[in-house]
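coords please:
(2 chains)
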Number of protein chains: 2
Amino acid sequence: MTAQFFYRRDLDFLLYEVLNVERFCECSRYTAHDRASFDAVLDAASAVAVEQFAPHAARSDANEPTFDGTRVHLIPEIKTALSVFVNAGLMAGTFDEQFGGLQLPVTIGQAMSAMFYSANISTAGYPMLTMGAANLLATFGTPDQKNTYVRPMIAGRWFGTMCLSEPQAGSSLADITTKATPSTEGDYLITGTKMWISGGEHDLTENIIHLVLAKIPGSPPGVKGISLFIVPKFRVNPDGSLGARNGVELAGLNHKMGYRGTVNTVLNFGERDECRGLLIGEPNKGLSYMFHMMNEARIGVGLGATMCGYAGYLASLAYARDRRQGRPASAKDPTSPQVPIIEHADIRRLLLTQKCYVEGALALELYCASLVDEQRTESASQRLKVVNLLLDILTPIAKSWPSEFCLEANKHAIQIFGGYGYTRDFPVERLYRDNRLNAIHEGTHGIQGLDLLGRKVVMENGAAFQALEIEISQTIQSAGRVASLEEFAVALQAAWARTVALTRALIDARVQYPQTALADAGVYLDMFGHVVIAWMWLRQALVAAATTPAYDSDRAFYKGKLAACRFFFRRELPKTEAQARLLSSLDDTALTLEEAGF
Amino acid sequence: MTAQFFYRRDLDFLLYEVLNVERFCECSRYTAHDRASFDAVLDAASAVAVEQFAPHAARSDANEPTFDGTRVHLIPEIKTALSVFVNAGLMAGTFDEQFGGLQLPVTIGQAMSAMFYSANISTAGYPMLTMGAANLLATFGTPDQKNTYVRPMIAGRWFGTMCLSEPQAGSSLADITTKATPSTEGDYLITGTKMWISGGEHDLTENIIHLVLAKIPGSPPGVKGISLFIVPKFRVNPDGSLGARNGVELAGLNHKMGYRGTVNTVLNFGERDECRGLLIGEPNKGLSYMFHMMNEARIGVGLGATMCGYAGYLASLAYARDRRQGRPASAKDPTSPQVPIIEHADIRRLLLTQKCYVEGALALELYCASLVDEQRTESASQRLKVVNLLLDILTPIAKSWPSEFCLEANKHAIQIFGGYGYTRDFPVERLYRDNRLNAIHEGTHGIQGLDLLGRKVVMENGAAFQALEIEISQTIQSAGRVASLEEFAVALQAAWARTVALTRALIDARVQYPQTALADAGVYLDMFGHVVIAWMWLRQALVAAATTPAYDSDRAFYKGKLAACRFFFRRELPKTEAQARLLSSLDDTALTLEEAGF
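Predicted structure coming up:
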């Protein structure tokens, strides 16, 4: 069965040809693995995604979770799919062997995640959240906490959540009011309300482990007084068995535009019954623990956005090859047969636009994942510092760029289907709805823009920016030596030089115009993202241009890569010029308009 | 009660200050009217939109029409709202007095439609379709047909539909196969299947009048052999009373992403029972009749897209003024109170982007409506020719630009609401879903692009293009004389000159590269649209700059108009440079890529 929502050949291309993920097998952490073991888990993941996740995506969307006042009801296919997922060992993929994990490279783990996101992002949400929570506990928990919580989570017996937002504090975590009062027994009594909690209540697993941000009375105001707690749905006895119900209760479900299969909840803590939580790490450091894990969570969101777009691209490509409608301008004779719509210029434009967005974004997500693997394996402190800096500066882009442009891809996929694309008989409208969330959760597009322009490009005197410059310059140099890629090397060089000059100008402007210089951080993010994706295309083109294809299908594959690269450089990268001009003009029209004038 | 989905002050500004719609009262057709009568019908429409249409928009979305095998069920609020609409005389607005109409200017009629679209586009669909069908019959029907059909439609006793598409023929009407065989009784027997028929079946009215494109056996192949027929659900006796059920049957409902309250159907004609139809006009001229009415239908679609965007803008504006979250960069003290999010730079950018899209688009739609009024009133043949040409060239833009950019506005509205915007508790996600249809129906974005670049700019040796140039130049000249607007006059002049040069180059290129020169017609349309909307902003700015506001609120209103104009010129119009460069490069990357390379 051919999967219609991800493209294994492209994953293999990125993993083995572009990123050379096999190199990690030489590091002690990954020494148990080789290409054969990678392929085996990718095959297993592919089968589960295709056979268990994809088939109920539409039904899950049409039958969102309900709450009868006592229980949350999900369609049964979700539980079945997740059991197969867990039993195949997929939850354990990237975790350390000491926790029962397979200790796979994160790059391979993200490639597997890509398959699940594309097949059914709503069902994939549950294990992805659990892996994130387990990863946090594995990093910051006490040995006891690790023993008690991480293993059952990786084993899929307990699922996890992240509880950050509150009704009055979405993007502004400084304003959370959930309280954690020390008890006489060494744990904390949690009281408050959390909002937008995905996976907050269900019967999929024996227990749910909430990781909850809260403030200990007397702690400093704002983000410096936030601590992080383990709050289980059922209390956990010292031997790991389940005790009484903890006082965390479902207050209600949120009803979303998309992503409907992932139950999204409002949770009350300690409203009726006592709600007990365990402190993770030290008091008042909760946000830093959470943010330490954010890099991976944000790459996960970016990957999810990418794969919603990717699934839409492949669906519309299959439709365009199959659907006959109209005739080319050169053969308008109405008695001639209609042609597949892939022969129409506008359809080809919409297809190649999608391709250059989704494949470019996937290249970025897997590149970021490979940086995480470098973090986990690098022994040279200098390279490790570079890798950390690269991840710091690329994370807001990896999170946001696909949320914007792979959503645009989904819009084009609908357009290719025409009226059919607007119906629920085809997946493209669902993918468009699902994907709209990704610019909102895990830090909005605006927040990511501020993170990039206000923090990441200036951090450590621009060290992250410079680290990225070195990486990009290497690609430019390599491409400059390949005749067919020279024009792109020149274009990327110019775009990067423009980005450098603009960034300096904006940093300088912050002295005199602190507000205006940051006001268009969202535009800066989009622009920077386009430059980074152009770089990703040039990296792919370098491989495609240097490879002698072994098969005919491979020949077409590499030609497609080179065409998509050219398409991006000719059509997308030039958009950054107007953005750079706008940004350097420090236009304050929106900032200075009186409120009554909107 | 303040309406949250349209802005009466802006409608008044466009109608009376920018378009001076009162001037039409001097023409014999509209002599019965004056500003007072305009205001009276606008007030009446406003009340019906706010009180009858808006309240059930969310419920209608959540409870789409169902078919039990016998009847189609709609929520009862739709019928109630439409009764009030009809009883208020709103269906009759722009129709001739001879049919029982109010003979209002089309510009006023479209301003009223704007209110209904913004309040509830799904419910508004029924009367808008009926008015379109009635208008066609009033123009091309025989006296008998007019008498029999137009009056009950305007009276709201019968509703109408347009039946063009078929399952195998969406955009390609040349390939319709519905047959109309002459009967011995002078009418025709219709057989075939029609797809995407809005309002195709319901119990809202006593009868439904389908206008059906079909081919008479022996007629020429393709679009030159298409005729147009009246096909009533219930046959109509010579005295206007209803006879037996006609053989048009509901085959099924389409289940859409949005626009859910408008029932959308697949209809079978003559499958089980005889289906009788009456020819409209002459055989084989059906498509030209249909297209004659298309201008108004397409402006209606553009207006609908505009008002979905407009409603989203106003909802997000109200939310941004109300919702407190975070603090400005200059006052990060977490013990200070949170500020309304309209104080954040990124929110202001998203708001002003929406404003310049939706108000710019509304200006274009009402301008086009005023051209229709000129068509109906102009006696000088030279000006009439100009007006016809202007409508010809502007219609694809008026249809498509808002479908693209007011959808983008809806995306921004969701972003301002954050997570809340992604839930069905607020209207913005529904508006985003509703609006996604508008780039598809009544000719897709790609079709409109080909219409503009392939047909409209070259028609009559470029006469339409030149007519538009004269209009735009007049605005540029006027603005050039106002110091505060001079920079925009210069920018529009440059953008127009670029458009002229590019258009010539593309027309020339068609000789040697017929496919490539038209391949990016969709990009051309977007670019051309941006230039036209810039023109619309300069027209509005001219009025705003010249007016001494009488009230404080007016002062802010005009400042807002000037700010939105500046915003559009500084941020949107410059995007056309890269588009023009791309278009003139005749990039054929997508066109030449082998199919297996996608």
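
Every contact and neighbour count from this point should use C-alpha atoms.
OK.

Which neighbouring residues are in contact with the residue lying closest to residue A:566 once chain neighbours are set aside, exactly?
Nearest residue to residue A:566, sequence neighbours excluded (C-alpha to C-alpha, 6 or more residues apart in numbering or on different chains): residue B:589, at 7.3 Å. Neighbouring residues of residue B:589 by C-alpha atoms under 8 Å, 6 or more residues apart in numbering or on different chains: A:563, A:566, A:567.

what do you get for residue A:179?
Listed by C-alpha under 8 Å, 6+ apart, the contact set of residue A:179 reads A:189, A:190, A:191, A:192, A:214, A:215, A:216, A:217.

Buried ones among the contacts of residue B:589?
Buried members of the contacts of residue B:589, scored by 16 or more other C-alpha atoms under 10 Å in any protein chain shown, are A:563, A:566, A:567.

Inside strands: which ones of those?
When these are checked against strands (DSSP state E), there are no matches.

can I get the residues you listed in TSV with pLDDT?
Formatted as TSV, the buried ones among the contacts of residue B:589 follow (pLDDT from 0 to 100):
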residue	pLDDT
A:563	98
A:566	98
A:567	98
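
JSON lines for the residues you listed, including distance to residue B:62?
Output for the buried ones among the contacts of residue B:589, formatted as JSON lines (distance: C-alpha to C-alpha, whole Å):
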{"residue": "A:563", "distance to residue B:62": "43"}
{"residue": "A:566", "distance to residue B:62": "44"}
{"residue": "A:567", "distance to residue B:62": "41"}
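
Give me the subset of the residues you listed lying in helices.
Counted as lying in helices by DSSP state H, out of the buried ones among the contacts of residue B:589, are A:563, A:566, A:567.

average pLDDT for stretch A:511-522?
Average pLDDT, stretch A:511-522: 96.

swap in stretch A:342-362?
Mean predicted confidence for stretch A:342-362 is 98.

hmm, it in reach of chain B?
Yes - for stretch A:342-362 and chain B, the contact criterion (C-alpha under 8 Å from any C-alpha of the partner chain) is met by A:342, A:345, A:346, A:348, A:349, A:351, A:352, A:355.

quick one, what contacts the fifth one?
So the one you mean is residue A:349. Contacts of residue A:349 (C-alpha under 8 Å, 6+ apart): B:520, B:590, B:591.

Recalculate using a threshold of 6 Å.
Residue A:349 is in contact with residue B:590, counting by C-alpha atoms under 6 Å, 6 or more residues apart in numbering or on different chains.

Quickly find the element holding it.
Using DSSP states H and E, residue A:349 sits within helix A:345-377.

Toward the C-terminus, what is the element adjacent to that helix?
Next in line after helix A:345-377, if elements are assigned by DSSP H and E, sits helix A:381-417.

orientation of that next one relative to helix A:345-377 in degrees?
160 degrees (axes from the mean of the first three to the mean of the last three C-alpha atoms, to 10 degrees).

Output the contacting helices and strands for helix A:381-417.
helix A:286-322, helix A:345-377, helix A:428-435, helix A:459-480 (3 or more C-alpha pairs under 6 Å, 6 or more residues apart in numbering or on different chains; DSSP states H and E).

Can you add distance to residue A:418 and give these back as a markdown table?
Listed next are those as a markdown table, based on distance: least, C-alpha to C-alpha, whole Å:
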| stretch | distance to residue A:418 |
| --- | --- |
| helix A:286-322 | 10 |
| helix A:345-377 | 11 |
| helix A:428-435 | 11 |
| helix A:459-480 | 39 |
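
Packing partners of the longest strand anywhere in chain A?
The residue-count maximum for a strand in chain A (DSSP E) belongs to strand A:188-198. For strand A:188-198, the packing partners by 3+ C-alpha pairs under 6 Å, 6+ apart come out as strand A:179-182, strand A:264-269, strand A:276-279.

Okay, angle between that strand and strand A:264-269 too, please.
Using the same axes, to 10 degrees, strand A:188-198 lies at 170 degrees relative to strand A:264-269.

Give me the next element, helix or strand, following strand A:188-198.
strand A:207-214.

of all the contacts of residue B:589, which comes closest to residue B:20?
Nearest to residue B:20 out of the contacts of residue B:589 is residue A:567 (C-alpha to C-alpha; 46.3 Å).

Please report the distance of the closest one from chain B.
The gap separating residue A:567 from chain B is 6 Å, by C-alpha to the nearest C-alpha, to the nearest Å.

how about the residue of the stretch 201-350 of chain A found nearest chain B, what does it touch?
At 4.1 Å from chain B, residue A:256 is the closest residue in the stretch 201-350 of chain A, using C-alpha to the nearest C-alpha. Applying C-alpha under 6 Å, 6+ apart to residue A:256 gives the contacts B:422, B:423, B:424.

most surrounded residue in these?
residue B:422 (26 neighbours; other C-alpha atoms under 10 Å in any protein chain shown).

any idea how far it lies from residue B:415?
Taking C-alpha to C-alpha, to the nearest Å as the measure, residue B:422 falls 8 Å from residue B:415.

Which residues of the stretch 201-350 of chain A lie near chain B?
Contact residues, the stretch 201-350 of chain A versus chain B (C-alpha under 6 Å from any C-alpha of the partner chain): A:222, A:255, A:256, A:257, A:326, A:334, A:345, A:348, A:349.

Report the two members of the residues you listed separated by the largest distance.
A:222 and A:334 (69.6 Å).

The helix or strand hosting residue A:128 versus strand A:207-214: what angle between them?
Here residue A:128, judged by DSSP H and E, is contained in helix A:106-140. Counting by the same axes, to 10 degrees, helix A:106-140 lies at 70 degrees to strand A:207-214.

Just the mean pLDDT for helix A:106-140, thanks.
Average pLDDT, helix A:106-140: 97.

Which elements pack onto it?
Other helices and strands packing on helix A:106-140, by 3+ C-alpha pairs under 6 Å, 6+ apart, are strand A:158-163, helix A:286-322, helix A:345-377.

Dump these to JSON lines, plus distance to residue A:240.
As requested, these are exported to JSON lines (distance: least, C-alpha to C-alpha, whole Å):
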{"stretch": "strand A:158-163", "distance to residue A:240": "12"}
{"stretch": "helix A:286-322", "distance to residue A:240": "24"}
{"stretch": "helix A:345-377", "distance to residue A:240": "29"}
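
for stretch A:292-301, which positions count as buried?
Neighbour count says stretch A:292-301 has A:293, A:294, A:295, A:296, A:297, A:298, A:299, A:300, A:301 buried, by 16+ other C-alpha under 10 Å.

Parallel or antiparallel, list what pairs with the host helix or strand of residue A:229.
Using DSSP H and E, residue A:229 sits in strand A:227-232. Using DSSP bridges, the strands paired with strand A:227-232 are strand A:207-214 (antiparallel), strand A:276-279 (antiparallel).

Could you export those as CSV, including mean neighbour count and mean pLDDT?
Shown next, in CSV, are the strands paired with strand A:227-232 (neighbours: other C-alpha atoms under 10 Å in any protein chain shown; pLDDT from 0 to 100):
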stretch, mean neighbour count, mean pLDDT
strand A:207-214, 26, 98
strand A:276-279, 24, 98
